[in-house]
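**Q** Whatever this is, show me its structure:
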Amino acid sequence: MSRAPLVVVGDVLLDREVLGTVERLCPEAPVPVFDETEVLDRPGGAGLAAVFTSSAAATGPPRHTKPGRAPREVVLVGAVSADAAGDRIRELLARAGVRLVEVPLLGKTPEKIRLRAGGHLLMRLDRGSDPAEIGAAPAEAIEAIRAAGAILASDYGRGVCAHPQIRAVLTERAQRVPLVWDPHPRGGHPVPATRLVTPNRAEAAGFAQSNVGTTHSGEWPLTAALNPHQADGLPAHANGNGHAALNGAGRAAHAASNGHAAGNGRAASNGNGHGANNGHGPAGHSDASTADLARAAGMAVRLRRFWGASGVVVTLDDRGAVLSDGVNPPLLVPTPFSARGDSCGAGDRFASAALASLSEGSSILEAVTTAVTAATAYVAAGGALSLCPELHERTDDPASAVII
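**A** Residues are numbered from 1 along each chain as shown. Below you'll find the model as predicted:
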């Protein structure tokens, strides 16, 4: 029996990685000479989120996926133009098993071209950067959203998620199925009743400052009274799986059960919930770390209230994410291990993993834990240049080598 598809709605672009070497300077000017060796194309923006969603849907969270259950269809509702970049996106999405339902884009399909040498990003060239007009949403796009079992809105601010017809149907479906909203600085607000909003630290700060004032307004319900398990003064684990609560002062709780200390994994915690300096850095570093967590937790709480969302999770790069779900005090979900590298696309990986988890019946906390692990593994594997093996396709011709 087929299940309702997972639908990604948002702004699509073409990402192109141009790899090469730099061994000399140009004689005309003191700039490097870049010798191209390989070109890698992939769908970007909501297109990459759809590819990740397809991969996540094929496996699913082990606790909720029954053996032998067929993966869900993944549908992308996005605006693509009738140009070479648009044709390339169509080809790559088809290879990844994503069904594209097009909304007319009255302008160029945007492209982001990155030049890399020796693992370093030298330059990014953008094409079609100016937002183009979005045409009327076809009936097929509206019906695809209405038929969704779960939805990811990937809002890069180019008009798809703000389209009146699309926003109306997203508002309608948010009352019935899980909706994950991945916001970006140029994007708008999530619709009411969104299940989970996933800004990073900078995005959350921008929304908090422009829409709901500062983070220090007294609207921060992190007192022990909200958590009956904190009667002894020790912030309790959420469910024993390594999540750490934050106490009323915004300080990190005791070390999580997976061996990572709450906060940044460096500061051990003593009996009163304060991070203790354990030799990895000066006390000032610990103070700055806990202050950063406090700000993130405050923004998550305020934005969840302002947006009317069930949960807001603020991602914190290699430290994990802080979640406000309206049930528990804000929780730190730490990364399972340290991962350093190119984080381009990590937000899409996070949001798509959360969507796939919620679609299988996971709680918000379970979905965020799954998403933190998926995004960490993605960065550790090399990020956009080392996508999942099942999505790799390379040809012998460097000019047509592809990652999808």
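
**Q** Do you have the helices of the stretch 101-250 of the chain handy? List them.
**A** Under the criterion DSSP state H, counting those that start in this stretch, helices of the stretch 101-250 of the chain are mapped to 139-146, 164-173, 201-211.

**Q** List the buried residues of the shortest one.
**A** In this case it means helix 139-146. Ala141, Ile142, Ala144, Ile145 (16 or more other Cβ atoms under 10 Å). For glycine as for every other residue, the C-beta is placed from the backbone atoms N, C-alpha and C.

**Q** so the third one touches Val7, yeah?
**A** To tie it back to what came earlier, the one meant is Ala144. Yes - using Cβ atoms under 8 Å, Ala144 is in contact with Val7, at 5.8 Å.

**Q** anything in contact with each of those two?
**A** Common contacts of Ala144 and Val7 (Cβ atoms under 8 Å, 6 or more residues apart in numbering): Val75, Val77.

**Q** hang on, the earlier thing: ok, which of the helices of the stretch 101-250 of the chain comes nearest Asp11?
**A** helix 164-173 (11.4 Å; Cβ to Cβ).

**Q** before we move on, the earlier item: reformat the helices of the stretch 101-250 of the chain as TSV; add distance to Gly361.
**A** Listed next are the helices of the stretch 101-250 of the chain as TSV, based on distance: least, Cβ to Cβ, whole Å:
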stretch	distance to Gly361
helix 139-146	21
helix 164-173	17
helix 201-211	27
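
**Q** Dump those to TSV, plus mean pLDDT and distance to Leu25.
**A** Below are those laid out as TSV (pLDDT from 0 to 100; distance: least, Cβ to Cβ, whole Å):
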stretch	mean pLDDT	distance to Leu25
helix 139-146	97	50
helix 164-173	97	49
helix 201-211	88	35
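
**Q** Quick check: what element follows the strand or helix carrying Asp41 along the chain?
**A** Secondary structure from DSSP states H and E places Asp41 in strand 32-45. The helix or strand immediately downstream of strand 32-45 is helix 46-59, counting by DSSP H and E.

**Q** partners of the helix or strand following that next one in the sheet?
**A** Heading C-terminal from helix 46-59, the first helix or strand you meet, by DSSP H and E, is strand 74-80. According to DSSP bridges, strand 74-80 has the following sheet partners: strand 6-25 (parallel), strand 98-106 (parallel).

**Q** Have a look at the protein and report its longest helix.
**A** In terms of residue count, the longest helix belonging to the chain (DSSP state H) is helix 283-307.

**Q** Now do it against helix 201-211, angle only.
**A** 50 degrees (axes from the mean of the first three to the mean of the last three Cα atoms, to 10 degrees).

**Q** following helix 283-307, which helix or strand comes up?
**A** Proceeding N to C from helix 283-307, the next assigned helix or strand is strand 312-315, under DSSP H and E.

**Q** CA-only coordinates of the host helix or strand of Val379 in CSV, if you can.
**A** In the assignment (DSSP H and E), Val379 maps to helix 364-380. C-alpha atoms of helix 364-380 as CSV (Å, rounded to 0.1, in the frame of the first residue of the first chain):
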residue,chain,number,x,y,z
ILE,A,364,10.2,16.6,17.9
LEU,A,365,13.1,15.7,20.2
GLU,A,366,13.7,12.4,18.4
ALA,A,367,13.7,14.2,15.0
VAL,A,368,16.1,16.8,16.2
THR,A,369,18.5,14.1,17.5
THR,A,370,18.3,12.3,14.2
ALA,A,371,19.0,15.6,12.3
VAL,A,372,22.0,16.5,14.5
THR,A,373,23.5,13.1,13.8
ALA,A,374,22.8,13.3,10.1
ALA,A,375,24.3,16.8,9.7
THR,A,376,27.4,15.9,11.7
ALA,A,377,28.0,12.8,9.6
TYR,A,378,27.5,14.9,6.4
VAL,A,379,30.2,17.4,7.4
ALA,A,380,32.6,14.7,8.6
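
**Q** Which positions in it come out as buried?
**A** Those would be 364-380, for helix 364-380 by 16+ other Cβ under 10 Å.

**Q** which other helices and strands contact that helix?
**A** Helices and strands touching helix 364-380, by 3 or more Cβ pairs under 8 Å, 6 or more residues apart in numbering; DSSP states H and E, are strand 196-197, strand 312-315, strand 321-324, strand 331-333, helix 346-359.

**Q** what about the ones you listed, which gets the closest to Arg176?
**A** helix 346-359 (12.8 Å).

**Q** Run the angle between that closest one and helix 364-380 for me.
**A** Taking the same axes, to 10 degrees, one finds that helix 346-359 is oriented at 140 degrees with respect to helix 364-380.

**Q** quick one, helix 346-359 and strand 32-45 angle?
**A** Using the same axes, to 10 degrees: helix 346-359 against strand 32-45 is 20 degrees.
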